[in-house]
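A.B. asks: next one to model:
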Amino acid sequence: MPFAENSGVSLYYEDTGRGEPILFLHEFAGDHRSWEGQVRYFSRTHRCIVMSSRGYPPSDVPENETDYSQDIAIADVIALLDHLDIKTAVIVGLSMGAYTALRIALSYPDRVRAVVAASGGAGSFPEHLETFRADAHSMADNMIATDSVPADGFANGPTRSQLKLKDPRGWQEFRDHLDEHSPLGSAMTLRKVQAGRPSFFDFKAEFNLLNCPVLLMVGDEDDPCLDVNLFLKRNIPRAGLAVVPKSGHLLNLEDPANFNHMLANFLTMREHVAWPARAISDTPFAGVGVRQETE
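C.D. replies: Predicted structure coming up:
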């Protein structure tokens with residue numbers, strides 16, 4: 001089995017295909033297997049890399065909570081790119097992976113060709129932040145106490161039930177994979193990565209300066225992420241926003257064909273004038289016409 005290493009922690013990955021590299025980063029309730037529908041499609045024309053984050057077997061599951069944080073998650077991705085001798089890559093992330101992808105674009109802009117951030121931003125909206133953190137700590141404590149991952153609770157949640165309605169077989173696979181996760185690794189990830197990370201709103205000034213092409217995707221029934229993605233769209237100059245109707249959090253699983261189509265279109269458009277930086281005018285505009293000054 002192939003592994004990269006960062007600070008003594010082994011990170012499992014799979015490397016398929018040839019061409020421009022695309023690195024896929026999974027969500028909290030996923031793992032490297034979550035991207036099978038994308039790897040099968042894009043590995044025909046691209047080099048596709050998937051990884052399981054630390055805490056997600058077959059990657060190592062460190063027992064010490066100091067071995068988990070958002071900064072460490074970012075460092076793990078850079079370590080994998082270095083291990084594979086990949087100088088720059090397109091980074092595609094879902095939820096937790098979307099957060100990491102955008103943070104990498106801010107911290108290591110020379111390593112990122114483009115970013116796709118799908119379903120990103122849960123917990124970032126200021127009104128939700130403290131509740132999100134409290135819920136994450138409570139759930140992590142319960143995982144440790146019961147030595148189990150609440151797979152049914154996660155899989156039947158209000159932003160994941162859309163997958164169950166659209167694709168019961170795919171939902172069952174998602175739920176079964178989640179049930180195989182390490183309770184310790186999941187708990188440490190909730191405490192230190194999810195609950196410990198800053199809000200996207202803290203990076204407004206940095207996002208304003210980001211020159212990377214970015215595709216934002218969000219489901220219109222993914223309530224914790226909708227407002228955050230509007231904030232990201234307004235503050236990342238080269239961001240485009242796709243709002244997917246009647247969809248929840250698991251966009252790449254709910255409709256793999258549509259997700260792949262949007263990603264493929266972005267990969268084609270990003271190098272051309274069709275994906276420019278947004279022109280922001282200082283002239284007041286309320287949606288009717290440019291305001292006319294009167295004497």
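A.B. asks: contacting residues around the residue sitting nearest the centre point of the chain?
C.D. replies: In the chain, the C-alpha nearest the mean C-alpha coordinate belongs to residue 98, at 1.9 Å (Cα atoms, centre = their mean). Contact partners of residue 98, counting by Cβ atoms under 8 Å, 6 or more residues apart in numbering, are 25, 116-121. For every residue, glycine as well, the C-beta is placed using N, CA and C.
A.B. asks: can you check residue 54 too?
C.D. replies: Taking Cβ under 8 Å, 6+ apart, one finds 6, 9, 11, 60-62, 67-68, 72-73, 76, 185 in contact with residue 54.
A.B. asks: format those residues as TSV; extra columns: neighbour count and secondary structure.
C.D. replies: Compiled in TSV, those are given as follows (neighbours: other Cβ atoms under 10 Å; DSSP: H, G, I helix; E, B strand; the rest coil):
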residue	neighbour count	secondary structure
6	19	strand
9	19	strand
11	22	strand
60	21	coil
61	20	coil
62	18	coil
67	17	helix
68	24	coil
72	19	helix
73	24	helix
76	22	helix
185	23	helix
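A.B. asks: closest one of those residues to residue 224?
C.D. replies: residue 73 (19.7 Å; Cβ to Cβ).
A.B. asks: surely that closest one is in contact with residue 55?
C.D. replies: No. Using Cβ atoms under 8 Å, residue 73 is not in contact with residue 55, being 9.6 Å away.
A.B. asks: quick check: phi and psi at residue 34.
C.D. replies: phi -60, psi -20 (degrees, to the nearest 10).
A.B. asks: if I look at it, how far off is residue 74?
C.D. replies: 19 Å (Cβ to Cβ, to the nearest Å).
A.B. asks: what's the answer for residue 3, then?
C.D. replies: Residue 3 is 19 Å from residue 74, by Cβ to Cβ.
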